[in-house]
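Asker: when you get a sec, could you give me coordinates for this:
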Amino acid sequence: MKGGQTKSDSIQTGNKLKSKGAGAGKRAKKAAKDPNKPKRPPSAFFVFMEGFRKQYKEDNPDNKSVAVVGKAGGAKWKNMTDAEKAPYVQKAEKRKTEYNKNIQAGGGGNNDESDKSKSEINDDDVQSGENEDED
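Answerer: Here you go, the predicted model:
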């Protein structure tokens with residue numbers, strides 16, 4: 001038989017099928033994530049959705065589905081003209097330039113302690129109170 005193993009061949013021989021995707025070889029380790037790096041700026045559509053979600057919730061308070069809100073927002077965005085989208089595009093471009101300035105200034109948009117380090121400090125206080133009961 002020409003070619004590689006079929007699924008039935010692998011069952012008979014007990015071999016596992018190997019995927020031939022991009023990650024089929026040895027996996028490369030990811031670079032460490034910088035916790036102080038600012039979040040990427042939203043696109044014009046997501047800037048539009050920030051206001052649309054609030055308005056949709058006011059108009060439809062009984063709706064609990066995120067998918068319905070997303071579909072309604074997507075449909076409205078698709079039907080809008082370029083002139084109607086312009087304010088959202090400008091806001092998105094402004095956020096993108098601020099993001100680029102923060103990245104070039106050193107990557108961290110916020111020099112304060114991260115939320116994780118603050119919660120670890122508070123967790124130490126709670127844990128010290130819990131350890132008193134252990135005997």
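
Asker: just give me the longest helix of the protein.
Answerer: Secondary structure assigned by DSSP state H gives helix 82-104 as the longest helix of the chain.

Asker: quick one: list the elements packing against that one.
Answerer: In terms of contacts (3 or more CB pairs under 8 Å, 6 or more residues apart in numbering; DSSP states H and E), helix 82-104 is packed against helix 44-59. Any C-beta I mention is one placed from the backbone N, CA and C, and that applies to glycine too.

Asker: relative orientation of the following helix or strand past the helix it packs on and helix 82-104 in degrees?
Answerer: Per DSSP states H and E, the first helix or strand lying C-terminal to helix 44-59 is helix 66-79. Using axes from the mean of the first three to the mean of the last three CA atoms, to 10 degrees, the inter-axis angle of helix 66-79 relative to helix 82-104 is 110 degrees.

Asker: could you check how far Asn102 is from Lys33?
Answerer: 16 Å (CB to CB, to the nearest Å).

Asker: more neighbours: which of those two?
Answerer: Asn102 (16 against 6; other CB atoms under 10 Å).

Asker: just the pLDDT for that one.
Answerer: For Asn102, the pLDDT comes out at 90.

Asker: quick one: end-to-end length of stretch 38-52, please.
Answerer: 24 Å (CA to CA, to the nearest Å).

Asker: okay, buried residues for it please.
Answerer: Using 16 or more other CB atoms under 10 Å as the test for burial, stretch 38-52 gives 41-42, 44-45, 47-49, 52.

Asker: then stretch 84-94?
Answerer: Those would be 85, 88, 91-92, for stretch 84-94 by 16+ other CB under 10 Å.
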